[in-house]
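>>> below: sequence and its predicted model.
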Amino acid sequence: MRTKPQPRRIIYPGTFDPITHGHEDLVRRAAQLFDEVVVAIASETPKNPIFPLTERVALATETLTGIPGVRVRAFSGLLIHLLQEEKTHLILRGLRAISDFEHEFQLASINRRMDAQIETLFLMTSDQHTFLSSSLVREISRLGGDVSAFVHPAVASALKRHFLNGVDLSHSEK
C-alpha cells in the first residue's frame, strides 16, 4: 500500500514591515511550486518595526488573501524551531540584487549549521520589483509620498495613518 506523500511546505520568514508587492510576487510564485507557503512574521527583530506584530500579520493576511496554499502566522524564537513545528526543512528567501546575497548566504549557512537538513531556496525578485524594499516604502510614506504602486491598498492606508501625512508618531516627543 502506498502512503500519501507529505505536502511540500516552505517557510517564508521575515519582518514584513510592511509587506510589499515584491513580497507578494515571491509568495505567488512560490505557491505555484509548493503545496503550502507559510509566511512567517518574526516578532523579535533588530529592525525596530513601525507596525506591531498583530498589524503586520493582519496586513500580510489581507495582502495575500486569495492565493491558494498560503498561510500567514507570527513566530518568535529561532527559525529552526518554527521549521520543526511546521514539519518542514525548507526556507524561502528572495534576492533582489547581488548585495542581498552575502547576508542571505550567511543566514542560510548558520541555519544549516544548526540543522543539517535545512535547505534554503532563493527566488530572484521579478524585474519590476528589484528596487523595492520595505525600508524604501516606509521612507517614501514617512516623507508624505504615495506608496500605492508598491503595496496593497490596506498597507498604503496603514502607512498613511501611521505617519499622518509625514509626521512619524513613533519618533515624536511624548
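Alright, I've got the coordinates. Keep in mind it's a predicted model, so treat the numbers as computed, not measured.

>>> residues touching Gly69, list them.
With contacts defined as Cβ atoms under 8 Å, 6 or more residues apart in numbering, the neighbours of Gly69 are Ala31, Phe34, Asp35, Glu36, Val37. (Each C-beta comes from the backbone N, C-alpha and C, glycine too.)

>>> excluding chain neighbours, what is closest to the fourth one?
Excluding its sequence neighbours, the residue lying closest to Glu36 (Cβ to Cβ, 6 or more residues apart in numbering) is Arg9, at 4.4 Å.

>>> show me the contacts for the one you found.
Neighbouring residues of Arg9 by Cβ under 8 Å, 6+ apart: Phe34, Asp35, Glu36, Val37, Val38, Glu86, Lys87, Thr88, Leu90.

>>> those residues: which two are farthest apart?
Val37 and Lys87 (14.5 Å; Cβ to Cβ).

>>> in the protein, which spans are strands?
All strands of the chain, identified by DSSP state E, fall at 9-14, 36-42, 70-75, 90-95, 119-124.

>>> quick one: the third one to chain centroid distance?
Read it as strand 70-75. Distance, stretch centre to chain centre, for strand 70-75: 10 Å (Cα atoms, centre = their mean, to the nearest Å).

>>> same thing with the second one?
On the basis of Cα atoms, centre = their mean, strand 36-42 sits 7 Å off its chain's mean C-alpha point.

>>> now do the longest helix anywhere in the chain, average pLDDT.
In terms of residue count, the longest helix belonging to the chain (DSSP state H) is helix 98-114. Mean per-residue pLDDT for helix 98-114: 90.

>>> for the one helix or strand in the chain whose mean pLDDT sits lowest, what is the distance to the chain centroid?
Here the helix or strand of the chain ranked lowest by mean pLDDT, DSSP states H and E is helix 98-114, holding a mean of 90. Its chain's C-alpha centre and that of helix 98-114 lie 16 Å apart, by Cα atoms, centre = their mean.

>>> give me the helices and strands touching it, please.
Contact partners of helix 98-114 among helices and strands, from 3 or more Cβ pairs under 8 Å, 6 or more residues apart in numbering; DSSP states H and E: helix 79-85, strand 90-95, strand 119-124.
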